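Chemist: Attaching a predicted model along with its sequence, questions to come.
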Amino acid sequence: MSAFETHESPGDGSPPEAHNVSRATYDLPAPLRDRLQAGVLFPEAPESRKNERIVETIPNALAQLVSNSIEAMDTVFFSVPGRVRQHPAFQHRLCIRIRANSDTNTLSLTDLGCGMTRADLINLLGTSKAVPSSTDFYSSTNGSKLSGSDTEEDSTTEDEADVSGDDNDNESTQEHATEGDDTDASAADGKVVDKNQRAQSCLAKDIGGFYAALCSLGTGIRIGTKAKHDDYYEYQVGVFNGSPTDFGNAFDKFSIVRPRGEGTELSVEEGFDQFEDVRGESGTCVSIRLNQEAIDAGLLNEETLKSIFLKIVEATQYTIAFSSSSEASDIISASAKERDTIARLLAEPQDVDPLESIADKDFGTDHKESADDLAYNSVAERAKYIPLRLSLGERKMLRLVEAFMTCCEYTTDVDRPFRSSARRTHEQLKGISSILRGLVVACDFEAGHSLAHDDNLKEYESSFRQMFEIARRHKIMNPEKMRTEYGKLVFVLQDAVSPSVRQHIGFSCMSQIETVYKFLDERNGVALLSDPLTETATQEILAERKSRAQINSEIRIKERSVLVLKKKYSSAELSQDDIHLCLYSICDNNSFLNSNRVPIDKIINYLQQYFSPDKADEGYSLSIVSGEDGARLSHSHERQYYFTLQSLTLWRDIIDDMFRLWAMAEGDLLSESVTYSLQDTGQGFQRVQQSPQTYKAMQRILVRVQSKVKRWVGSSVIHMGDHNVPNALSFIDKYTQVPRILGPIVACLENLERLHDDDEGIRLMVDEGFGGINKLRKDILYDFFRCAFDGSGGDTYYDAGSCIDGRLTSAWNWCSQLSTKPFYPVFRLTGFIGFDGEFK
């Protein structure tokens, strides 16, 4: 008998058995209870009930559960060193275990992911104050699943056990989390399920993936879970064992049991010896007692389950294992082998990737730049991703490509539904060949005339590669330019390199971006990048509050450094003009970083100047409550302060690494091996594509930021390759807009004093209407720091929240509401036009 089954608590309300170290029962919130009563199909329900239930299809319900497991496993996978996750002993953690038990009519899914603490179970699954509505119930504050409610309120019965045993509820890994939604707050007594209750929607978009799966598949659910720094707990709700006479009471309460003593290791020796049991330091087993509809659909049949589950995980790195497989016994014993093997592996001194060593740092310590950090940001390393300045001849070719992309309607013609893939391939070939022929004709009419007869596009392969590379290079150097044209260009190239199209055109239009490092390496001049004078020669001279004499002095020093470097490193292969071009290309990069980082740095300074995490001034508490003023998170003043600070710090580091991220993004977008699928994401048809290089680069940035800040609040989930962020192009475009958001705010705050002094009417308005300049500034910042980081802005709770992508979504949501703010006239007076800028 499994450890999961051994400690079953009686369902008749009698006291728990002696071996249950602790047991507590809690009330479910009325809105959630009513939804579950309406959606769950009990045996006593009439036949007409099946047609009245609004629930997910069975494959969709199973996909919700599997996606939760994948999120948890991702958290563990990216939190361990590379040499560990690549070791054979770790591979069993990449497997989702499935067991269908026909004796008990249960279906169990087990992952060895991040797990949940007891407090997570209470706050995130049981006692949320409103009907949950995220499409995924996983959440994270410490590198785990998608953002959930950060509420710290507990709702318990009078005779419950101690609930406050875990104070780290919001600092721990939060999994299977729910988020609040007050749209169905009308509470019934829950004893009788009437027609109106049955008509309530129980889809994932309404109550979240976890409970949507319960309504679709079962009558009750039990979760056995363990987080790394907590004990093993079992959460149960609904009818899981036995047959209560009153099914109307099934969802009045939920229970949490700790079946073993504190610190008990989950091992075979301790009784966790069944295939579906959680073993090791963390994991979750979700068991659903199936309803008759799910049983009739064959969910107790492994062959039926295989066809469903294999399709769900086919696009992931994870696998599925069933309890009847020949490897079942090996999987059971794998946790013990992993523990011993990995312990020995970590004890061995090894040379590791400098970036990997960053991932092993303790997030609770102060961050100091090490030699590895400095090497990561050195000129030589950054030069690998800094594009080379365009020459005059290249700019002429750029204008041609840009004009073509402005006129063409390629994406409109191609990115739409087709009856078959062959028809879409035909449309792709027609569009791409038209663009290529047009470029030849525009460059050389005679060559275009000849091309019309022999149709030999391959003859101009090098020219096509050069023109497209120039346009891509220009865009990377100037993210604010070609916002529409670049998207079309990338999608044309994405199709051109795909196997279905490339075999017809006969060549590739892709070439590497011409970077400073590549240019120097081809001419044996890489040593230039390591010269200390290069930093001086490429710095941007900022006026700030310097005197004219000081600025002139810095300009002379910079020009002198350039001359010295040109004489020192010029050779037969590398001319002085070439060196000049490289140095000023690096200078362009520094100028980009300064202009885009300055607004973020200034906003961070404003946060630290006007607010303190330890004390909130009267009327200026940053605390937010889910459901109030559009907020979807619940944070105290201190948590909101750190949540805002770490979000701004993350944005700053992303901007700092933008050129590297852009290189990774193009590598993913134009990969010949990683294809995309055309999907309707709710915002039209989008090219949904996994982006492994960009995702890994973002993970490294996130780890660096987490090592800088002393505490991490919210989720660490990075959306990429889903309906929120379909591909790497969408990701890059989102973060190039951060300065567009913060720049106008900084400009307004800085220009206030000038306007106040220069115009008597404005001075009167500011002093009498807003209480003076300082109060007005603080009011603007107070509103921004509260409402731009409250988890709002998505169509559903899953799309916003505290995840990495959701933070930026919330900020854009604040921007869209600026015209409703009382201080909006002040923005207009300081020259504000809009946040988005021009699309050219």
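Modeler: Everything's here; your move.
Chemist: from here on, contacts and neighbour counts on C-alpha atoms
Modeler: OK.
Chemist: Can you point out the buried residues in the biggest helix by length in the chain?
Modeler: Longest among the helix segments of the chain by residue count, using DSSP state H, is helix 576-610. For helix 576-610, a neighbour-count test (16 or more other Cα atoms under 10 Å) marks 576, 579, 581-594, 596-601, 603-604, 606-607 as buried.
Chemist: What of stretch 294-303?
Modeler: Buried positions in stretch 294-303, judged by neighbour count with 16+ other Cα under 10 Å: Ala294, Ile295, Leu299, Leu300, Glu302.
Chemist: And the strands in this protein, which stretches?
Modeler: 22-27, 54-55, 95-101, 106-111, 201-202, 218-226, 232-238, 253-258, 283-290, 319-322, 677-680, 685-688 (DSSP state E).
Chemist: Restrict the first one to CA atoms and write it as CSV.
Modeler: Coordinates of each C-alpha in strand 22-27 appear next as CSV, following Å, rounded to 0.1, in the frame of the first residue of the first chain:
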residue,chain,number,x,y,z
SER,A,22,-1.6,17.1,12.4
ARG,A,23,-4.9,17.5,10.7
ALA,A,24,-7.0,20.7,10.1
THR,A,25,-10.3,21.4,8.3
TYR,A,26,-11.2,24.7,6.7
ASP,A,27,-14.2,26.3,5.0
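Chemist: Report the distance from it to the chain centre.
Modeler: The chain centre lies 34 Å from the centre of strand 22-27; the measure is Cα atoms, centre = their mean, to the nearest Å.
Chemist: what angle do that strand and strand 232-238 make?
Modeler: 30 degrees (axes from the mean of the first three to the mean of the last three Cα atoms, to 10 degrees).
Chemist: hmm, back to that, got TSV for the strands of the chain, with mean neighbour count, distance to Arg704 and mean pLDDT too?
Modeler: What follows is those, written out as TSV (neighbours: other Cα atoms under 10 Å; distance: least, Cα to Cα, whole Å; pLDDT from 0 to 100):
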stretch	mean neighbour count	distance to Arg704	mean pLDDT
strand 22-27	19	40	84
strand 54-55	20	42	82
strand 95-101	22	29	90
strand 106-111	24	28	92
strand 201-202	24	40	78
strand 218-226	25	27	90
strand 232-238	24	31	89
strand 253-258	21	36	88
strand 283-290	26	26	92
strand 319-322	18	30	87
strand 677-680	15	32	87
strand 685-688	20	28	89
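Chemist: Mind putting those strands into TSV with distance to Asn478?
Modeler: Formatted as TSV, the strands of the chain follow (distance: least, Cα to Cα, whole Å):
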stretch	distance to Asn478
strand 22-27	56
strand 54-55	48
strand 95-101	44
strand 106-111	44
strand 201-202	47
strand 218-226	48
strand 232-238	52
strand 253-258	55
strand 283-290	46
strand 319-322	42
strand 677-680	28
strand 685-688	24
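Chemist: what's the closest of those strands to Tyr569?
Modeler: Tyr569 lies closest to strand 685-688 among those, at 46.0 Å (Cα to Cα).
Chemist: which residues sit against the closest one?
Modeler: The set of residues external to strand 685-688 that reach it, using Cα atoms under 8 Å, 6 or more residues apart in numbering, is Asp415, Arg416, Tyr676, Ser677, Leu678, Gln679, Asp680, Gly721, Asp722, His723, Pro726, Asn727.
Chemist: which one of these is nearest Ile98?
Modeler: Using Cα to Cα, the contacts of strand 685-688 come closest to Ile98 at Asp722, 25.0 Å.
Chemist: Could you report the neighbour count for the closest one?
Modeler: 15 (other Cα atoms under 10 Å).
Chemist: Over to Leu125?
Modeler: Counted with other Cα under 10 Å, Leu125 comes out at 23.
Chemist: Need phi/psi at Thr117.
Modeler: Backbone geometry at Thr117, expressed as degrees, to the nearest 10, gives phi -90, psi 170.
Chemist: For it, give me the pLDDT.
Modeler: For Thr117, the pLDDT comes out at 88.
Chemist: Wait, it touches Ala227, no?
Modeler: Yes: at 5.4 Å, Thr117 and Ala227 qualify as touching, with contact defined as Cα atoms under 8 Å.
Chemist: Tell me who's in contact with the residue nearest the centre of the chain.
Modeler: With distances taken as Cα atoms, centre = their mean, Ile718 lies nearest the centre of the chain, 1.8 Å away. The contact partners of Ile718, by Cα under 8 Å, 6+ apart, come to Tyr695, Met698, Gln699, Cys803, Ile804, Asp805.
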